[in-house]
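*Asks:* From the sequence below, what's the structure:
(4 chains)
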There are 2 protein chains.
Amino acid sequence: MKTSDSKYCSCLYFTANALARKVEKIAIESWKKVDLSPSHAYLLMLALDEPGIQAGRLADQLQLTPSTVSRLLQKLETKKLVIRGAEGKQINVYPTQKAKEMKPLLKECIDDASERYSKILSKEESKQLIKNMSQVADKLED
Amino acid sequence: MKTSDSKYCSCLYFTANALARKVEKIAIESWKKVDLSPSHAYLLMLALDEPGIQAGRLADQLQLTPSTVSRLLQKLETKKLVIRGAEGKQINVYPTQKAKEMKPLLKECIDDASERYSKILSKEESKQLIKNMSQVADKLED
DNA sequence: AAAATATATTTGTATATACAAATGAAAACT
DNA sequence: AGTTTTCATTTGTATATACAAATATATTTT
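*Replies:* This next block holds a predicted model:
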């Protein structure tokens, strides 16, 4: 059934969640190549981009709670993709060599996802939607 | 941090999920009055609207998997808000008296949510966004 | 009519996520 | 210097969700 055929298609909660689940499904597919969930992958890319990035800043960037980030880091650490270094009360996150070597693969996954999206949406369409969603998300900021 | 300040603000996966989480948070708040999560509440309202509605159709309407709907029904059943009646291989869902009496409260919750949204978004804005999201969600249909 | 297939639902298991409480470390205040 | 407060992170617990396998019923095929 299409989202627009649902009784609740005009409800913001419903529509936003339905869309997020569908988009996530595609993203999961794209990141299978590296055996990571999208959120793990994005976290890892942030760490690769800025080695030593602080855990709290990761939470900001990913718009997730610190506890969720902590759990994501646990998993990435057991996979030997990052290490957590304590510095006073804060935790700095460093990508491992293994993670660095994975960079080209990660790039491929991003491209894969882009391609999947572009098969469905025009560049213009997706840009518009993203802009629209970001604006609203910003307004919902606490 | 605002969504638009994140490094991944231009990524569909990221933006859609960030938005969905924020919207859900508001919705959760609105439905606390009846001690239901938004998805339980929407399911219940569908059952009230169409007593005897089939489980599979609930999954369609809510854009959730049958297994998720089954779990939602379990909870609503222990709360004595619905009963599941088997008819052949299908399950029909009936609201209980208790659920029927809850109708006015449910209405209040919807209004509460609307009000919360309208404090942040104009009618026009939200309409536009919802339309936009539904369109894309439809295209992502398998 | 019996067997095979299709359909609807549930159950087992795993996921990411959040909140609240606990921990640990630094900073601020006597 | 010792105590309190603040801040960053982790841990305990609970959530909704999905996939795959199991179950149960109906339909089709032979």
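*Asks:* residues contacting the residue nearest to A:Lys33 when sequence neighbours are not counted?
*Replies:* Spatial nearest neighbour of A:Lys33, chain neighbours left out: A:Cys109 (5.5 Å); criterion: CB to CB, 6 or more residues apart in numbering or on different chains. All C-beta atoms are positioned from the backbone trio N, CA, C, and that covers glycine. The contact partners of A:Cys109, taken as CB atoms under 8 Å, 6 or more residues apart in numbering or on different chains, are A:Ser30, A:Trp31, A:Lys33, A:Val34, A:Ala41.
*Asks:* excluding its backbone neighbours, what's nearest the first one?
*Replies:* When the adjacent residues along the chain are set aside, A:Ser30 lies closest to A:Ala113, with 3.8 Å between them (CB to CB, 6+ apart).
*Asks:* and stretch A:102-118, what's its mean pLDDT?
*Replies:* If you average the pLDDT over stretch A:102-118, you get 93.
*Asks:* For that stretch, buried residues please.
*Replies:* For stretch A:102-118, burial by neighbour count (16 or more other CB atoms under 10 Å in any protein chain shown) applies to A:Met102, A:Leu106, A:Cys109, A:Asp112, A:Ala113, A:Arg116, A:Tyr117.
*Asks:* Distance of the last one relative to DNA strand C?
*Replies:* By that I understand A:Tyr117. According to CB to the nearest atom of the strand, to the nearest Å, A:Tyr117 and DNA strand C sit 18 Å apart.
*Asks:* Tell me the spacing between the most centrally placed residue in chain A and DNA strand C.
*Replies:* For chain A, the residue nearest the mean C-alpha position is A:Ser39 (3.9 Å; CA atoms, centre = their mean). A:Ser39 sits at a distance of 3 Å from DNA strand C (criterion: CB to the nearest atom of the strand).
*Asks:* do the same with A:Pro104
*Replies:* Plainly put, A:Pro104 is 22 Å away from DNA strand C if you go by CB to the nearest atom of the strand.
*Asks:* what's the helix or strand for that residue?
*Replies:* In this structure, A:Pro104 sits in helix A:103-120 according to DSSP states H and E.
*Asks:* is that helix anywhere near DNA strand D?
*Replies:* No: using CB under 7 Å from any atom of the strand, helix A:103-120 stays clear of DNA strand D, coming no nearer than 15.0 Å.
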